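Trainee: Here is a sequence together with a model predicted from it:
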Amino acid sequence: MENRRSQMLLDGAWRFNIDRQEIGENNGWQLLAYADQNWGEYPVPGSWDAYLPELFGYSGIAWYRRSFTVRQTWRGQKIHLRFEGANYATTVWLNGKLVGSHSGGFDPFEFDVTGLVEWNSPNILAVKVDNWPKINRVPNSYAGWWNYGGIYRSVVLKALPEVRIADVFVHSAPVVDGQPLLVTLDLLNESDQAIEINPHGRVQNEDLVLDLTGPGNFRLAPGEKKSVDLFAPLPQPRLWTPESPNLYGLQLDLFSGRKLLDRTALRFGVRKFEARGKQLLLNNQPIYLTGFDRHEEYYGTGRVDPLNQLYDDLEWVRHLGGNMVRMHYQAHPDLYDLADELGLMIFAEIPAWQIGVKDIKEWENPEVWQTAETMLRTLVHDLKNHPSVVIWSVGNECATDKPESRPLIKHLTDTVRSLDVSRPVAMVGMYGDRDLFFDLVDLPCMNTYSFHDQAGLRSKIEKILAKIGDKPLLVTEFGAEAMLELHGDNYGTEEEQASILTDHWQVFQEYRQSIPGALIWSLADYWHMPMGPDFSWGVNRFYFCHGVLSLDRFPKKAIETVIKLFESMKG
């Protein structure tokens, strides 16, 4: 399908310089005329930890600069600058003028730079990235994973029509009782004139072409944003499931008379996922979730995927019998596209991790509230049309045993429900029955590392089930460490990891009527940063080997066990 929008990828070699003394802005590193010839050149996307050995673990400020030329054919359109990911706080200048700032190490962000671009000369883009861990950030530290710094995902310059389709929401639950498929469009007029517009939509797959019915012609005033609905009957839809991940194409056109103003396209799947009683249901059928937690980390390159490893990782999940992937943060956009195609379900979470554990006052910090809400809104905005995304999670392993936690958790759950009611809302706890969020979410989740203590694990589960009432309990983390090629009966060996996974699984199987899924921590090993009680960084590096694969994706003995365990829960 044709997509009318244009874009220019700004990936490639950028000028790069560390700013240990935090002098860059005072010395004019953001200015148009600054001479950066003595800076190094390194790739974007790139984690600066991988640029030089001495930068592995560097936390602080660094700068990027590059030039680009805007296409003359883009005149008359809105020019947006989009960053798919930069860790953590990013400030952007274009041609020496401040564009804006963003806080958040994993969610994408973009700016309207229409009034700042030069059309007849090269443009200079300067970016300051700050990855210092701080108590008011979300997450407040990266002690649970490596704090890779830099612009580690693509940077894109986009040309958008002034009158355009600003957002699309495909309401894709299975059609029942003759109800039509519903597509909601947000239409935006950023021109200085009123305009008569008419939106059109077309759905298609291998054996179907279907036009959507819209509101017809209507007037959109300058600066106005309007939501409209398009409808189409979709009899006997081909449902999206892990076994048959059927996808439909949707083309959306915006006309003024016979003139095409905007065109965009996406894919969607027809499916319904819900928590009902003690069960999780996909298309009204009970489903048991199996799979892995995963970090976006690759051997030698940090968060930058060097050789299509993402696809291989997802194939590993499927090979082992898994149907779900969970991450602590918004992942690279390719993850969700591939999951749609492969039939893997996604547990989508914002990195609201460890809030209140170091400082209980974090729960009342307005900056924490604002950042977490922005991350959640971005997550839902970007991922809501992916059939693979079946759960929204508002946080993980925070101080949820404290009453102070409830206002923020309620605010986040209310926020996500105001945006999308078609998926269950989850929160992940670590305090067992002392967690205080169970009534606020649709899907209570627990992380548990009980080693061989099956009696203790049963007791923990019983206490949680007694508190959550008629809700399912999802196990979002369990597992153990194993160093690749270390063998024997001691903790840390491949054999012991497999044995601990088996002991956990036996208990989960006993509670299958109340626990409709369990995810292993983790798919692959990862680097981990220690942090002292005063929030100062430790000098050591920790290689966490909870994966059933090593960081360079060599399999451990546990994969044989996992195949058998996951197979036992089918049917």
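Mentor: Thanks, I have the structure now.
Trainee: So which residues of the stretch 451-571 of the chain form strands?
Mentor: Under the criterion DSSP state E, counting those that start in this stretch, the stretch 451-571 of the chain carries strands at the ranges 474-477, 517-520, 526-528, 542-544.
Trainee: what residue ranges in the chain score low on pLDDT?
Mentor: By pLDDT under 70, the low-scoring segments of the chain are 1-4, 142-143, 175-178, 530-541, 571.
Trainee: Next, name the residue at the spatial heart of it.
Mentor: Centroid check for the chain by Cα atoms, centre = their mean gives Q330 as the closest residue, at 1.6 Å.
Trainee: do you know how far that one is from G150?
Mentor: Q330 sits 17 Å away from G150, going by Cβ to Cβ, to the nearest Å. To be clear about C-beta, it is placed using only N, CA and C from the backbone, and glycine gets the same treatment.
Trainee: And D211, its phi and psi?
Mentor: When read as degrees, to the nearest 10, the backbone of D211 gives phi -90, psi 140.
Trainee: Next up, the contacts around the closest residue to it other than its chain neighbours.
Mentor: Nearest non-adjacent residue to D211, counting by Cβ to Cβ, 6 or more residues apart in numbering: R202, 5.5 Å away. Residues near R202 by Cβ atoms under 8 Å, 6 or more residues apart in numbering: V209, L210, D211, L212, L250, Q251.
Trainee: Setting the sequence-adjacent residues aside, check what's closest to the first one.
Mentor: The one in question is V209. That would be R202: by Cβ to Cβ, 6+ apart, it lies 6.8 Å from V209.
Trainee: so that neighbour is in which element?
Mentor: strand 195-205 (DSSP states H and E).
Trainee: Okay, now the sheet partners of that strand, with direction.
Mentor: If you go by DSSP bridges, strand 195-205 pairs up with strand 208-212 (antiparallel), strand 218-220 (antiparallel), strand 248-256 (antiparallel).
Trainee: still on that earlier bit, please report the distance of the residue nearest to V209 from T91.
Mentor: 42 Å.
Trainee: got it, and Q370?
Mentor: In terms of Cβ to Cβ, Q370 sits 17 Å off from T91.
Trainee: who's more crowded, the two?
Mentor: Comparing Q370 with T91 by other Cβ atoms under 10 Å, the one with more neighbours is T91, at 18 against 12.
Trainee: and L523, what does it touch?
Mentor: Residues near L523 by Cβ under 8 Å, 6+ apart: F292, D293, R294, D313, W316, V317, V325, G547, V548, L549.
Trainee: Filter those down to just the ones in helices.
Mentor: D313, W316, V317 (DSSP state H).
Trainee: So what's the residue count around the residue lying closest to D130 once chain neighbours are set aside?
Mentor: What sits nearest to D130 in space, not counting adjacent residues and going by Cβ to Cβ, 6+ apart, is A89, at 4.3 Å. Around A89 there are 19 other residues, counting by other Cβ under 10 Å.
Trainee: Against V129, how distant is A89?
Mentor: In terms of Cβ to Cβ, A89 sits 7 Å off from V129.
Trainee: who's L185 bridged to?
Mentor: According to DSSP bridges, beta-bridge pairing links L185 with V168, V228.
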